[in-house]
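K.L.:
Sharing a sequence plus its predicted fold:
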Amino acid sequence: MSLGAAEEDSASEIHLPADIDWEMLDKSKFFFLGAALFSGVSATLYPVVVLKTRQQVMLNGTPCLKMAASILRNEGLRGFYSGFGTSLMGTIPARALYMGALEMTKSNVGSATVQLGLSEAYASAVANAAAGLSAAMAAQLVWTPVDVVSQRLMVQGSCCSNGRSGNAVALKSYSGGIDAFRKIVYSDGIRGLYRGFGISILTYAPSNAVWWGSYSVVHRTIWGCVGGYGCKKDENGYRPDGKAVVAIQGISAAMASGVSALVTMPLDTIKTRMQVLDGEGSGRSPPTILQTVRNLVKEGGFSACYRGLGPRWASMSMSATTMITTYEFLKRLSTKNQDSFA
């Protein structure tokens with residue numbers, strides 16, 4: 001018995017659309033359409049990621065709006081898309097790994113937990129959390145090198161790397177993604193591309209597990225509170241209309257993102273610092289995790305670990321809302337038998 005079937009059986013009054021598991025998907029359509037849809041999402045949200053990354057490497061905190069105005073004044077709109085080409089090229093294979101691992105794990109763990117006799121709600125939360133964990137770990141194999149290169153390009157704008165302002169340290173200048181890749185490998189070898197890999201896993205794996213598990217719980221809770229509102233009643237009970245489904249998906253995603261962003265923000269700041277700051281300008285080796293933490297605390301106390309929280313929270317909420325609605329839409333477009341989900 002699949003998790004999707006269990007969900008359908010348990011909905012005695014409100015009949016939500018049946019869950020689509022891995023076996024129901026047309027894989028080629030799923031990955032092709034997914035690459036196109038999520039590339040568009042990445043392009044829309046990229047400026048917020050640039051703001052978050054630049055705030056995290058500043059020695060002195062700069063308000064988000066002030067930084068945005070500075071980027072616009074000194075670099076124009078292009079400054080908000082520094083490193084986007086590199087990021088996009090890595091997003092496609094990383095998303096493919098993420099989506100594949102997510103769906104396979106969710107389907108297998110969901111079926112196993114239902115067979116073990118766990119309640120449907122608990123089985124769904126466990127399956128989603130396990131899926132988020134495995135998906136993040138798989139994607140980081142590709143995403144960490146892309147993250148290292150694209151973040152270097154994000155922060156090399158004049159408003160961050162200008163030594164006269166004293167607002168950033170040890171930032172190199174690159175002519176593009178290939179040049180950054182070449183210089184990083186020449187300087188540090190392949191391991192330079194995987195700088196911060198361990199803490200990336202420690203950041204994104206728990207974050208994804210918390211997000212997907214929280215999303216499952218919040219989504220179910222909201223539907224329980226809504227009752228028949230926004231639903232159409234027929235002889236079998238209540239069926240929500242499309243607008244209600246999308247709205248509750250978005251609200252659930254935003255709420256799950258808030259918790260995840262708050263819990264993992266210090267790790268994300270440490271990771272970004274490690275991936276961006278070389279230390280070569282002062283003749284020192286790249287900073288370790290402990291050195292990075294000490295530097296942050298010295299600069300602004302523990303609150304320095306939360307620089308960029310506003311943009312990250314906004315980015316995660318917007319990304320999660322668009323991601324989950326786009327992702328569910330993608331899954332329905334990619335089903336082998338469209339008639340079953342009309």
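P.N.:
That came through, no problem. Numbers count the residues shown, from 1 in each chain.

K.L.:
could you pull out the helices for the stretch 51-200 of the chain?
P.N.:
64-75, 84-115, 120-154, 158-161, 177-188, 190-193, 197-226 (DSSP state H, counting those that start in this stretch).

K.L.:
Go ahead and confirm residue 152 touches residue 277.
P.N.:
No - Residue 152 is beyond contact range of residue 277, at 9.9 Å (criterion: Cβ atoms under 8 Å). Every C-beta, even on glycine, is put in place using the N, C-alpha and C of the backbone.

K.L.:
which of the two has more neighbours?
P.N.:
Neighbours per residue (other Cβ atoms under 10 Å) separate residue 152 from residue 277, with residue 152 holding more: 26 against 22.

K.L.:
How many residues are close by residue 121?
P.N.:
Neighbours of residue 121 (other Cβ under 10 Å): 16.

K.L.:
Test my guess that it contacts residue 219.
P.N.:
No - using Cβ under 8 Å, residue 121 is not in contact with residue 219, being 10.6 Å away.

K.L.:
what's the closest non-adjacent residue to residue 266?
P.N.:
residue 305 (3.8 Å; Cβ to Cβ, 6 or more residues apart in numbering).

K.L.:
now residue 202
P.N.:
residue 267 (5.9 Å).

K.L.:
I'd guessed that neighbour sits against residue 198; true?
P.N.:
No - using Cβ under 8 Å as the test, residue 267 is too far from residue 198 to be in contact (10.7 Å).

K.L.:
who has more neighbours, the two?
P.N.:
A direct count of neighbours by other Cβ under 10 Å for residue 267 and residue 198 places residue 267 higher, at 18 against 14.

K.L.:
Regarding the more buried one, which helix or strand does it belong to?
P.N.:
helix 242-276 (DSSP states H and E).

K.L.:
what element comes up after that helix heading to the C-terminus?
P.N.:
Next along from helix 242-276, by DSSP H and E: helix 289-300.

K.L.:
helices and strands around that next one, which ones?
P.N.:
helix 242-276 (3 or more Cβ pairs under 8 Å, 6 or more residues apart in numbering; DSSP states H and E).

K.L.:
and the angle for the helix it packs on with helix 197-226?
P.N.:
160 degrees (axes from the mean of the first three to the mean of the last three Cα atoms, to 10 degrees).

K.L.:
Who are the packing partners of helix 242-276?
P.N.:
By 3+ Cβ pairs under 8 Å, 6+ apart, helix 242-276 packs against helix 27-57, helix 120-154, helix 197-226, helix 289-300, helix 309-333.

K.L.:
buried set for that helix?
P.N.:
Going by neighbour count (16 or more other Cβ atoms under 10 Å), the buried part of helix 242-276 is 244-250, 252-257, 260-261, 264-276.

K.L.:
So, low pLDDT: which residues of the stretch 1-150 of the chain?
P.N.:
1-19, 59-61 (pLDDT under 70).

K.L.:
switch the cut-off to 80
P.N.:
For the stretch 1-150 of the chain, the stretches with pLDDT under 80 are 1-23, 57-62.

K.L.:
same deal with the stretch 201-342 of the chain?
P.N.:
224, 226-243, 259, 277-287, 315, 319, 336-342.

K.L.:
Identify, out of the helices of the stretch 51-200 of the chain, the most deeply packed stretch.
P.N.:
helix 120-154 (a mean of 23; mean count of other Cβ atoms under 10 Å).

K.L.:
okay, the angle between that helix and helix 177-188?
P.N.:
Using the same axes, to 10 degrees: helix 120-154 against helix 177-188 is 90 degrees.

K.L.:
list the helices and strands helix 120-154 packs on?
P.N.:
Counting by 3+ Cβ pairs under 8 Å, 6+ apart, helix 120-154 packs on helix 3-10, helix 27-57, helix 84-115, helix 177-188, helix 190-193, helix 197-226, helix 242-276.

K.L.:
And those: which comes nearest residue 318?
P.N.:
Evaluated over the helices and strands packed on helix 120-154, closeness to residue 318 peaks at helix 27-57, with 5.8 Å, by Cβ to Cβ.

K.L.:
Any buried residues in the closest one, and which?
P.N.:
30-31, 33-35, 37-38, 41-42, 45-57.

K.L.:
What lies in contact with stretch 310-324?
P.N.:
Applying Cβ atoms under 8 Å, 6 or more residues apart in numbering, the contact partners of stretch 310-324 are 38, 41, 44-45, 48-49, 51-52, 55, 64, 211, 215, 249-250, 252-254, 256-258, 260-262, 265, 268.
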